[in-house]
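J.: everything below, folded, please.
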Amino acid sequence: MRTRRLKVGGRDAVYHCMTRTVNGELLFKDREKEVLRKMIRQVADFCGVEVLTYCIMSNHFHVLVRVPNVDSVSDVELKRRYKVLYPKPTKYQQATADEMFKLLQSGGEDADAIRRKLLARMGDVSEFMKGVKQRFSVWYNRSHQRYGTLWAERFKSVLVEGAGNPLQTMAAYIDLNPVRAGLVNDPKDYRFCGYAEAVVGEVAAKRGLIRIWSDHGAKRIDSALRVHRRLIFGQRASDVQLSEQARGTALKVLEQEDGCLPKSTILRCRVRYFTDGAILGTAEFVRGFSGTLQAERRLKRAPKAHALKGADWGDLAVIQGLRTRVFG
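T.: As a prediction, the model looks like this:
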């Protein structure tokens with residue numbers, strides 16, 4: 001589903017985006033993950049979007065981004081953002097930039113054309129993901145004497161209600177990726193995720209986590225880390241003990257017996273609601289996009305909001321009803 005078309009009524013929009021390598025190949029080691037991490041931040045700055053959290057794995061990455069509702073950007077800011085993409089420009093890149101900045105300063109139709117061209121690449125989740133994937137593909141193929149497609153498909157995206165339980169639960173799900181993969185027991189020990197960066201004091205990561213928990217009264221990073229950790233680990237240690245045998249039991253309870261598990265436990269399973277649910281939020285938020293989705297997909301009836309199953313999710317709902325296996 002192309003969630004970029006959905007409008008949010010003049011408000012900022014939040015998206016969870018995920019993309020995989022071709023054939024799911026395990027291509028990314030620490031060096032590649034670090035380069036991709038920097039590119040995600042770099043392209044986000046250029047596009048004017050805010051990375052709330054992210055996680056880079058060996059064959060895919062997740063990113064939770066806030067896209068501000070901004071109508072215009074000053075020429076000074078356009079120049080700054082353009083330079084972000086080329087911190088060490090070649091002579092050709094520098095000459096191109098100098099000519100572009102000169103035309104911006106002179107005004108007229110040429111300046112307007114440049115502004116439109118740059119602004120078309122900003123404030124849009126699809127342009128952000130396109131920029132990240134293209135730039136990383138070029139670097140990866142050059143660095144590994146490789147040719148051809150790096151990414152398997154167009155990225156998946158879920159529009160997320162930008163506050164409260166929907167936003168916080170989605171962020172926790174993303175941060176727990178390395179735990180689900182069995183790489184660590186605590187996401188703070190996995191360096192390529194937003195939560196771990198916030199723990200060690202990375203400024204952008206701290207800002208993202210504070211924004212995620214801002215409606216919870218978290219104005220400082222210590223309080224944001226405390227409530228986020230409580231969501232990740234639950235109220236009791238027994239909530240999150242999930243060996244392979246326990247995982248199998250949990251999945252049987254969820255899929256075959258229509259059971260219910262603690263949220264902190266179920267977040268350690270793969271939950272397709274968070275990648276395939278199309279829109280995640282309160283039922284009221286989700287229903288607000290029924291008409292838009294009906295028109296976009298040319299459906300006879302407006303889709304309904306579907307409450308999440310399997311845990312005490314609170315007020316969470318999705319618009320994409322999942323008929324196949326939800327948990328894994």
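J.: show me the contacts for residue 114.
T.: Applying CB atoms under 8 Å, 6 or more residues apart in numbering, we find residue 114 in contact with 100, 103, 104. Any C-beta I mention is one placed from the backbone N, CA and C, and that applies to glycine too.
J.: and the helix or strand harbouring it, how far from the chain's centre?
T.: Following DSSP states H and E, one finds residue 114 within helix 108-119. Distance of helix 108-119 from the chain centroid (CA atoms, centre = their mean, to the nearest Å) equals 30 Å.
J.: coming back round to it: turn the contacts of residue 114 into a markdown table, columns for pLDDT.
T.: Below are the contacts of residue 114 laid out as a markdown table (pLDDT from 0 to 100):
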| residue | pLDDT |
| --- | --- |
| 100 | 89 |
| 103 | 89 |
| 104 | 90 |
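J.: okay, helices next: where are they in the stretch 151-300 of the chain?
T.: Per DSSP state H, counting those that start in this stretch, the stretch 151-300 of the chain carries helices over the ranges 164-175, 177-180, 194-199, 203-212, 221-233, 244-255, 263-266, 273-276, 283-287, 290-297.
J.: quick one: buried residues of the second one?
T.: Looking back up the chat, that one is helix 177-180. Neighbour counts over helix 177-180 (16 or more other CB atoms under 10 Å) mark 177, 178, 179, 180 as buried.
J.: which residue, neighbours along the chain excluded, lies closest to the last one?
T.: This points to residue 180. Distance criterion CB to CB, 6 or more residues apart in numbering; nearest residue to residue 180, sequence neighbours excluded, is residue 268 at 5.7 Å.
J.: burial measure for that neighbour, as a count.
T.: By other CB atoms under 10 Å, 20 other residues sit near residue 268.
J.: same question, residue 280
T.: Residues near residue 280, counting by other CB under 10 Å: 27.
J.: that one and residue 195: what is the separation?
T.: From residue 280 across to residue 195, the span is 19 Å (CB to CB, to the nearest Å).
J.: likewise for residue 311?
T.: 20 Å.
J.: all set, thanks.
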